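K.L.:
quick one: sequence and predicted model below, then my questions.
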Amino acid sequence: MLADLGRPLAGRLLALVPVLFGITLLVFVLNAVALGDPARAAMGQRADPEALERMRREYALDRPLPVQYVTWIGRVLRGDLGQSFREQRPVTEVIFERLPATVRLAVAATVISIVLGVAVGALAAVRPGGALDHVLMGAAVLGISTPVFWLGMMLSLVFAVNLGWLPVSGYGGGDLRYLVLPAFALGALHTGTVARMTRSSLLEVVRQDYMQTARAKGLSEPIVLAKHAFRNALIPIVTVIGIGLADLLVGAPLTETVFAWPGVGRLLVAAVGQRDLPVVMGAVMVFALVYVLGNLAVDLAYLVIDPRTRRGAS
Amino acid sequence: MARPSALRHRGFLTGVALVALFALVSLLAPALAPYDPTALAGATTLARPGGAHPLGTDALGRDLLSRVLWAGRVSLAVGLGVELLAAFIGCVIGLLAGYYGGALDALLMRATDVVMAFPSLVLAIGLIAVFERPGLDKVVIVLVALGWTTIARVMRGAVLSLKAREHVQAARALGAGDVKIMVQHLLPNALGPLLVAATIGVGSNMVAEAGLSFLGLGAQSPTLSWGAMLADGQTFLVTAWWVAVFPGLALLLAVLGVNLLGDGLRDLLDPRFRE
């Protein structure tokens, strides 16, 4: 089974090349436009002319833009995203320090949205058009439409300020109680999407002919559901998990700001305020890479779950 | 299968009602608002809701109801205005890519892929950083620059399926020029899916504007915005819940209405989603 994954896998990887090129080019151009003179921006107005000259030579800033891009991409590939203007240390160091907090939040939010979303969607699918279905799907639309930062504030208001069950904000040195509210806030949007997709996917699958066939073959109902219904219902659910990755990354700067969560999203927002452009561009690029690689992982999951996608791989 | 009736689609009707309310209240804000939304004088700061100030006052003693009403105009204008511009760009790109195909198609679609390869709000934040200082005008520029991709894909897909149809072939045989074919025969036949995508787009624009303004990267005082008001709400969350609750509730209802309208339109217009 794994042998016929090779060719489609290579195809997916190859398709990434233009996208990665585009991402880096866009970030490079933005950086060039924003900085004007990067050497002066980095070293300040009263920089020593000789030091400026040295930096321009080192970063090929005196050469045409294509040469600058190639020089820059060479550095990026070696893991050098430049120096933070504000902190005077490598951008990668600043970002990697903040990454674990963001990953923790994103993983918790994903787990919540999948568990809750699949449960809600399956419950709603039990009797489509029934009262429970209407209530749950209404809640799902509400979850999708509620802006993540406002939801965060409301959760904080109810469960932290009024009830005092959980801390208002902060990281608490990794204490799990600090994770609960931000994870629910960030996961809510996606919970709604997963619930809707699970419901329509299950309803679609139970109508299919192969379900009848499986029953006609004399297979027991649990086996029919587990092997035939669930595996096929899984395909759209995996897609939605991929879409959810975008929601998580978009929600991260907002959620982290509401809950004073020391992640990459809040770093990005703060860096924009301080016009620390190397950090801004570094963080934007890290977000884009995570997103692209996440989508690749979703594609690969497809290849494993749905053999049909292995043939038509472009 | 019979086309479902718009009058029986509950989500669609709720969406229409909420959007109509949102539009009406925004348009009539000058008449409905009991106070000048920026006036500081004479009022108590952080007054509780009730009495002279039904939704209370903010930290500077400004009437919250008046501010929520006026800020709705900004949200509506940004949501719609950005979508109109973005949809125009998206239609042009989608038409060109789908109609001419080949290298132009490949180039335009790779550009679309790249813009879509970034989580939207993160790239928007990065683009805002390019400007010396933030503001609502920059938010509009940035959201237009990022918002055309979905429309472009929808338009291109529609063109690809339409351009082999008889009426388009007939128009070409009769000597119609490329532009005429695109504008008269391709664009009108793609309006349904375009309208669905654009409606959903209006909702995302409103959320994005509020998010950026909340982060301090959008509307700056004295420009009113639900997002910017929510940033105040965050500051006074522990002492004055109303500053955080009401602007967010307004934003939620407006976005919910637009999303329900978009979902409803999709059910009604797009045959693929018809149950």
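P.N.:
Thanks, I have the structure now. Residues are numbered from 1 along each chain as shown, chains lettered A, B, ... in the order given.

K.L.:
counting neighbours, what do you get for the residue of chain B found nearest chain A?
P.N.:
Proximity of chain B to chain A (C-beta to the nearest C-beta) peaks at B:V114, 3.1 Å away. C-betas here are computed from N, CA, C, even on glycine. By the criterion of other C-beta atoms under 10 Å in any protein chain shown, B:V114 has 20 neighbours.

K.L.:
and what of the one 4 residues further on?
P.N.:
Around B:F118 there are 27 other residues, counting by other C-beta under 10 Å.

K.L.:
wait, is it part of a helix?
P.N.:
No: going by DSSP: H, G, I helix; E, B strand; the rest coil, the assignment for B:F118 is coil, not a helix.

K.L.:
work out for me the element the closest residue to it other than its chain neighbours sits within.
P.N.:
Closest residue to B:F118 apart from its sequence neighbours, by C-beta to C-beta, 6 or more residues apart in numbering or on different chains: A:A288 at 4.7 Å. Using DSSP states H and E, A:A288 sits in helix A:277-305.

K.L.:
about what we covered before: shouldn't the residue of chain B closest to chain A be in contact with A:V29?
P.N.:
No: B:V114 is not in contact with A:V29 according to C-beta atoms under 8 Å; the separation is 11.4 Å.

K.L.:
can you pull out the helices in the chain?
P.N.:
No chain in the question, so chain A it is. Listed in chain order, the helices of chain A (DSSP state H) span A:6-35, A:38-43, A:49-58, A:65-77, A:91-126, A:131-145, A:148-155, A:177-206, A:209-216, A:221-223, A:231-258, A:264-273, A:277-305, A:308-311.

K.L.:
my question was about chain B
P.N.:
Assigned by DSSP H, chain B shows helices spanning B:10-27, B:29-32, B:64-100, B:102-116, B:120-130, B:136-147, B:149-162, B:166-173, B:178-180, B:191-214, B:226-235, B:241-269.

K.L.:
residue ranges with poor pLDDT in the chain?
P.N.:
I'll assume chain A. Under the criterion pLDDT under 70, the flagged ranges of chain A are A:1-4, A:36-45, A:59-60, A:225-226, A:230, A:307, A:309-314.

K.L.:
oops, wrong one, chain B.
P.N.:
In chain B (pLDDT under 70), the answer is B:1-4, B:41-43, B:270-275.

K.L.:
got a list of what the residue in chain A that chain B sits nearest to touches?
P.N.:
Using C-beta to the nearest C-beta, the closest approach of chain A to chain B is made by A:G22 at 3.1 Å. Neighbouring residues of A:G22 by C-beta atoms under 8 Å, 6 or more residues apart in numbering or on different chains: B:110-111, B:113-114, B:117.

K.L.:
show me which of these are buried.
P.N.:
When those are checked for burial by 16 or more other C-beta atoms under 10 Å in any protein chain shown, the buried set is B:111, B:113-114, B:117.

K.L.:
count the neighbours of A:R215 for me.
P.N.:
So A:R215, with other C-beta under 10 Å, has 14 neighbours.

K.L.:
if I look at it, how far off is A:V224?
P.N.:
A:R215 sits 6 Å away from A:V224, taking C-beta to C-beta, to the nearest Å as the criterion.

K.L.:
please apply the same query to B:V139.
P.N.:
52 Å.

K.L.:
ditto for A:L166
P.N.:
42 Å.

K.L.:
stretch B:90-100 and chain A in contact?
P.N.:
No: using C-beta under 8 Å from any C-beta of the partner chain, stretch B:90-100 stays clear of chain A, coming no nearer than 15.2 Å.

K.L.:
pull out the buried residues from that stretch.
P.N.:
For stretch B:90-100, by 16+ other C-beta under 10 Å, it's B:90-99.

K.L.:
stretch B:204-215 now?
P.N.:
Judged by neighbour count (16+ other C-beta under 10 Å), stretch B:204-215 contains these buried residues: B:204-215.

K.L.:
residues in contact with the residue nearest the centre of chain B?
P.N.:
Geometric centre of chain B, nearest residue: B:V202, 1.9 Å, by C-alpha atoms, centre = their mean. With contact taken as C-beta under 8 Å, 6+ apart, B:V202 is in contact with B:79-80, B:83, B:258, B:262.
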